[in-house]
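1. okay, structure incoming, though there's no sequence with it:
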């Protein structure tokens, strides 16, 4: 690459990274707000969201939730016990393997999330203003590739290969 082109590329990469940092910060604030409305912590909110996303009707394992959120499995276990006490989820022994639990949202949790759905739709509409479905699909495809490549780059960096 020519020097000017390299500088432009480096600037574009820095801008992208700072935009992602800003978006992450704003999403954390949004998650905190949703959590406060339910009287739970931000990580507990994320756990509920992950369970809602991953559960296909049979419940979801704590390991799956931990992997989705990049949280330690012991933390998920601890927090799901607290959420169970708050009656936001149930933990049942897996019929396939008694060593594992299947975690599901309760009717109470589903009702609380349904109450928030109108606000969440309005928030999403505000956040993604100006993006149609096709643009959003394009952006998601690119972000998925960046996320995958970021994991690879992180692994290479930690192994001393970069």
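-> Received the coordinates, thanks. All values derive from a computational prediction rather than experimental measurement. Residues are numbered from 1 along each chain as shown.
2. could you use CA atoms for every contact and neighbour count after this?
-> Will do.
3. what helices or strands is the helix or strand hosting residue 121 leaning on?
-> Assigned by DSSP states H and E, residue 121 belongs to helix 107-127. Applying 3 or more Cα pairs under 8 Å, 6 or more residues apart in numbering; DSSP states H and E, we find helix 107-127 packed against no helix or strand.
4. got the contact list for it?
-> Contacts with helix 107-127, where a contact means Cα atoms under 8 Å, 6 or more residues apart in numbering, come from 38, 87-89.
5. cool, and stretch 48-67?
-> Outside stretch 48-67, the residues that touch it by Cα under 8 Å, 6+ apart are 47, 68-69, 72-73, 76-77, 100-105.
6. where is pLDDT lowest across these?
-> Least confident of the contacts of stretch 48-67 in the model: residue 100, at 77.
7. on the pLDDT front, check the closest residue to that one other than its chain neighbours for me.
-> Leaving aside its sequence neighbours, residue 100 sits nearest to residue 94 (Cα to Cα, 6 or more residues apart in numbering; 5.5 Å). At residue 94, the predicted lDDT confidence score is 77.
8. surely residue 94 and residue 104 touch.
-> No. The criterion here is Cα atoms under 8 Å, and residue 94 misses it with residue 104 at 11.5 Å.
9. in the protein, which spans are helices?
-> Ranges of helices within the chain are 3-38, 42-54, 62-69, 73-85, 107-127, 133-158, based on DSSP state H.
10. got these as CSV, with mean neighbour count columns?
-> Shown next, in CSV, are those (neighbours: other Cα atoms under 10 Å):
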stretch, mean neighbour count
helix 3-38, 13
helix 42-54, 19
helix 62-69, 18
helix 73-85, 16
helix 107-127, 13
helix 133-158, 12
